[in-house]
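In: need a 3D model of the sequence below.
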Amino acid sequence: MTQTELNYAVVLYELPIEEDKIKTAEECFKNVPMLKEILANPTVENEKKWNIIERVFPQEMHSFLKKVSDSNRMEGIENIFKAYYDYKRQQEGIMRAELFYVTVPSEEQKQGFVTFIKKEYGCRGVELQLKEDKDLLGGFLLKVGNIEYDYSLMGRIHTLHQQLIRR
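Out: Numbering: from 1, shown residues only. You can find the predicted model right below:
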C-alpha cells in the first residue's frame, strides 16, 4: 500500500459520506472487476470515465471517484478502501484481531480474548475474526496487528523442537 493510497483513504474518511455509500461503491468494484479496468485505463477519456462513475456509483461518491480516476490512482482503489476501514477503526479506537482455533471458542472465551486485547492495547473496541485452523492441533493462535500470541499445540511442539536443537 502506498502513501498516496493512505492519503486518499484519510480524505475519504474526512468527507461527509455515509459509510453505506462507501460500502456500495466498494461492492461495485468487487462485483464488476471491469469497472476498475476501464476507470484505470489511461486511453479512456476522462469524460467517459465520469459518465460511468455518475451512472454506476452513489452520488455522494462521484467527486471522490472522479478525483481518484483523474489522478490515475484507480489501480489502487481496493487498497484505498482497505486503508479507509483501517483508518476508521484506528480513529474509533477499535483493534482488529484474528483468532485461529481448532475447536470453536465459547462466548465466554471470546469475551476473554476481547477483554485481554482491550486491556493490552488500551482500545475501546475489538473486531475479532474467527478462523478455523486444524493444523494448530489444539489451542489457539491470536494475531493482533503484527503481534502473535501462540498458545497452540503446534506452536508448543515447534518451541520444544527449537529448544532441543539448541542443546
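In: give me the low-pLDDT residue ranges for the chain?
Out: Along the chain, no part satisfies pLDDT under 70.
In: I figured Met1 hits Glu78, correct?
Out: No - look at Met1 against Glu78 with C-beta atoms under 8 Å: they stay out of range, at 9.8 Å. Yep, even glycine has a C-beta here, placed from its N, CA and C like the rest.
In: the helices in the protein, which residues?
Out: Secondary structure of the chain (DSSP state H): helices at 3-14, 19-31, 33-40, 46-56, 62-70, 77-91, 107-121, 153-166.
In: buried residues, stretch 3-22. List them.
Out: Neighbour counts over stretch 3-22 (16 or more other C-beta atoms under 10 Å) mark Glu5, Leu6, Tyr8, Ala9, Leu12, Tyr13, Ile17, Lys21, Ile22 as buried.
In: and those residues, which is closest to Val68?
Out: Each of these was scored against Val68 by C-beta to C-beta, and Tyr8 proved nearest at 6.3 Å.
In: please name the residues that touch that closest one.
Out: Going by C-beta atoms under 8 Å, 6 or more residues apart in numbering, Tyr8 touches Val68, Arg73, Gly76, Ile80, Ala83.
In: ok, now how distant is the third one from Arg55?
Out: When distance is defined by C-beta to C-beta, to the nearest Å, Gly76 is 23 Å away from Arg55.
In: do the same with the first one
Out: Computed as C-beta to C-beta, the Val68 to Arg55 distance reads 17 Å.
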